[in-house]
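# Got a predicted model here, sequence first, then my questions.
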Amino acid sequence: MSTDTLTWTAVCAADDILPNTGVCALVDGRHVAVFRVGIDQFFAIDNVDPKANASVLSRGLVGSLGDRTVVASPLYKHHFDLKTGECLELPELSVRAHEVRIDSGRVLVSIS
């Protein structure tokens, strides 16, 4: 999908997210976890852990499994791919991934 046709919501300043951490934002009524990996990579997935039905994924540990960048849920420790939202242990618990871009130092998210 072209990024020109998406609706973007400003979440925060890029510098408000420390490297290798996440924040939670409400975007179009949806709880979204926005992660900064390293200095200049940003990802967004649904924030609600589908097993616990709790809005906690933004507080998970960011890391990698093989060549995948993931967050581990702080509750059940399931790993979610930050690019796709796929739950590596139980694919049926996967969450949605969302578009992210940086514009003038602000993090923008689009619910796709």
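The structure has been received and is ready for your questions. Numbering: from 1, shown residues only.

# Residue 59 is in contact with residue 35, isn't it?
No: using Cβ atoms under 8 Å, residue 59 makes no contact with residue 35, being 10.9 Å away. Using the backbone N, CA and C atoms, a C-beta is placed for each residue, glycine as well.

# Quickly list what's touching both of these two.
Contact with both residue 59 and residue 35 is made by residues residue 22, according to Cβ atoms under 8 Å, 6 or more residues apart in numbering.

# Those two - which one has more neighbours?
Higher neighbour count among residue 59 and residue 35: residue 35, with 24 against 17, using other Cβ atoms under 10 Å.

# Can you check the pLDDT for the more buried one?
On pLDDT, residue 35 comes in at 98.

# Next, find the distance separating it from residue 5.
As defined by Cβ to Cβ, to the nearest Å, residue 35 lies at a distance of 24 Å from residue 5.

# Going along the chain from the helix or strand where residue 32 lies, find the next helix or strand for me.
Using DSSP states H and E, residue 32 maps to strand 30-37. The first helix or strand that comes after strand 30-37 along the chain, using DSSP H and E, is strand 41-46.
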